[in-house]
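[1] Can you look at this prediction? I've put the sequence above it.
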Amino acid sequence: MKKLNSIILSGKEVLPLVEGGKGINASNAYSSGAWAHENCVGTFSGVSPDALDNNGNVILERFSKKIRAERHEEMVQYAIQGGIDQAKLAYEISSGNGRIHMNMLWEMADSERMIEAILEGSKGCIHGVTCGAGLPYHLGELASKFKVYYYPIISSARAFMVLWKRAYSKCSEFLGGVVYEDPWLAGGHNGLSNAENPDAPEPPYNRLVELRKTLNSLGLEKTPIIIAGGVWKLSDWEDYIDNPELGDVAFQFGTRPMITKESPISDAWKNLMLHLKKGDVILQKFSPTGFFSSAIKNSFLEKLIERKNGEVSFKNEPDAEYSHELKVNEHRKVYIKPDDMQKAQNQIDAGLSVIQETPDDTVVFMTPDDWKKMKQDRAECVGCLSQCQFSTWSRANGTTGKLPDPRTYCIHKTLYEVGHGGSIKDHLLFAGHQVYRFATDPLYRDGIPTVKELIEKIKIGE
Ligand SMILES: Cc1cc2nc3c(=O)[nH]c(=O)nc-3n(C[C@H](O)[C@H](O)[C@H](O)COP(=O)(O)O)c2cc1C
Ligand code: SF4
């Protein structure tokens, strides 16, 4: 295994190893502080981070307001306080070693306001901000104002070029690096473009060379590329280290750090990940953001898959093709194809008796209990996203004007609950596609390692 040389990240010489940010509360001050302590980069999640009381105990989010826009404001205030508390604690745990980064989901409603307030309230503790899921145009300007480095997360050279031309060329001084996240392998949301086939993964090397060429053409020869998605052990990546075609690189680990003593996820979640097999993580498009994402195929996802498979197209008026009447509820009937009649009836007979329309002129079938829960989740929406397909909330306009989509789910609720000890069966569990490697990696044979022990292994290529 080649020796890992230090690299400058966010203004400091550190090991080229980064813990990726994971929301909600799947990376926090304890994990990121421990990574930084080992002279690496730790990234806490700025998506609904935990605020702490005077004794350091977590203050769980509770929303009291009746109106959604007011609950949204409550959520923003929790997030700002949480971001400041996590930043300060992470910095303290790091003992001033390494670098602390914060990750923000750009598609959060009011993400810019939250970044600004957190940076203002935790000056000196956060050295870099990473941002993915969308095109974070204003990130450069915002971070530069605080003399904090910024790192867009992109999945193609083209996406970086768009950001550069429109915004970053004006504030290149604090561009700390570019995170290339493999859209077929990484855990969490994935940046697959319409031109890319989710079933035809492309190897990262040529895409990274293209990114480096693009950076060089813009005079960014010294800007490091942080390789994320599918990184497990560095002996698999030796050809990427000290490679003149790629220039300076660092490696970001998202899934692997989740099984460490400092990782905030529940023991049940860790234990599940230790026993997964190849293929247990799937790339799918159920997120209410509209992005692809990679998560463990548990009963939460299986229910969504089943609902999607049971989907039936309809028309409002009968015609030669859509000839059979389907009663949606007391007041509404639609027309479906004769071939779909049996499919519909089978689901109704199996107890999926509530029929709901989607925004795409289809209906899906669900149990009365699932429908009750869906209504409750929508009623309790806190407007976390700038636009949400599940609830139709839009930060800009109040509503997207579309029908709420019953094929999606409330991502805030499910990630918050599982990030605070909720059931691993009934919630979304983001994970990368290499998660099956936990089961055979000797590091985990004798129990859960500390961050320090994990990094020692990573350094020697294991
Ligand atoms: C549970 C989980 C949550 C994640 N949440 C976020 C997030 O909120 N924002 C983000 O930019 N990336 C998120 N990621 C992506 C990671 O930061 C990292 O880039 C990715 O996991 C790397 O790929 P790997 O999983 O193959 O290691 C998440 C990943 C996981 C596994
Ligand atoms: S319904 Fe949508 S916007 Fe509302 S809290 Fe849930 S995910 Fe966020």
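    Everything's here; your move. Ligands and ions are numbered 1, 2, ... in the order given.
[2] Just confirm Pro152 is within a strand.
    Yes: secondary structure of Pro152 (DSSP: H, G, I helix; E, B strand; the rest coil): part of a strand.
[3] which residues of the stretch 201-350 of the chain score low on pLDDT?
    Within the stretch 201-350 of the chain, no stretch has pLDDT under 70.
[4] which bits of it sit near ligand 2?
    Pro288 (C-beta under 6 Å from any ligand atom). Yep, even glycine has a C-beta here, placed from its N, CA and C like the rest.
[5] Could I get the full set of strands for the stretch 201-350 of the chain?
    225-228, 249-253, 281-284, 292-296, 312-315, 324-329, 332-336 (DSSP state E, counting those that start in this stretch).
[6] Output the contacting helices and strands for the fourth one.
    Contacts defined by 3 or more C-beta pairs under 8 Å, 6 or more residues apart in numbering; DSSP states H and E place strand 292-296 against strand 188-190, strand 281-284.
[7] who's in contact with that strand?
    The contact list for strand 292-296 (C-beta atoms under 8 Å, 6 or more residues apart in numbering) reads 183, 185-190, 192, 198, 272-273, 276, 280-287, 301, 428-433, 435.
[8] same thing with the second one?
    Around strand 249-253, the neighbours that count as contacts under C-beta under 8 Å, 6+ apart are 7, 9, 16-20, 41, 177, 179, 181, 208, 224-229, 231-232, 234, 237, 240-241, 243, 458.
[9] Pairing partners for the nearest residue to Gln252 once chain neighbours are set aside in the sheet, please.
    Spatial nearest neighbour of Gln252, chain neighbours left out: Ala228 (3.7 Å); criterion: C-beta to C-beta, 6 or more residues apart in numbering. Counting by DSSP bridges, Ala228 forms beta bridges with Glu181, Gln252.
[10] where are the low-confidence patches of the stretch 1-150 of the chain?
    Residues of the stretch 1-150 of the chain meeting the criterion pLDDT under 70: none.
[11] Can you name the residue of it nearest ligand 2?
    For the stretch 1-150 of the chain, the residue closest to ligand 2 is Ala109, as judged by C-beta to the nearest ligand atom, at 7.3 Å.
[12] dump the residue contacts of that residue.
    For Ala109, the contacting residues are 72, 383-386, 393, 395, by C-beta under 8 Å, 6+ apart.
[13] What is the neighbour count of Lys457?
    16 (other C-beta atoms under 10 Å).
[14] now it, what's its secondary structure?
    Using three-state DSSP, the secondary structure recorded for Lys457 is helix.
[15] Look up the closest residue to it, ignoring the ones flanking it.
    Leu443 (5.5 Å).
[16] Using PDB, list the CA coordinates for stretch 281-295.
    Listed next in PDB are the C-alpha coordinates belonging to stretch 281-295 (Å, rounded to 0.1, in the frame of the first residue of the first chain):
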ATOM      1  CA  VAL A 281     -28.900  -1.700  -0.700                       C
ATOM      2  CA  ILE A 282     -30.900  -0.400  -3.600                       C
ATOM      3  CA  LEU A 283     -30.900   2.700  -5.800                       C
ATOM      4  CA  GLN A 284     -34.400   4.000  -6.000                       C
ATOM      5  CA  LYS A 285     -36.400   7.200  -6.600                       C
ATOM      6  CA  PHE A 286     -38.900   7.300  -3.700                       C
ATOM      7  CA  SER A 287     -37.400  10.400  -2.100                       C
ATOM      8  CA  PRO A 288     -39.800  13.400  -1.900                       C
ATOM      9  CA  THR A 289     -37.000  15.500  -3.300                       C
ATOM     10  CA  GLY A 290     -37.300  13.700  -6.600                       C
ATOM     11  CA  PHE A 291     -33.600  12.600  -6.400                       C
ATOM     12  CA  PHE A 292     -32.400   9.100  -6.600                       C
ATOM     13  CA  SER A 293     -31.100   7.700  -3.400                       C
ATOM     14  CA  SER A 294     -29.400   4.600  -2.000                       C
ATOM     15  CA  ALA A 295     -30.900   2.900   1.100                       C
END
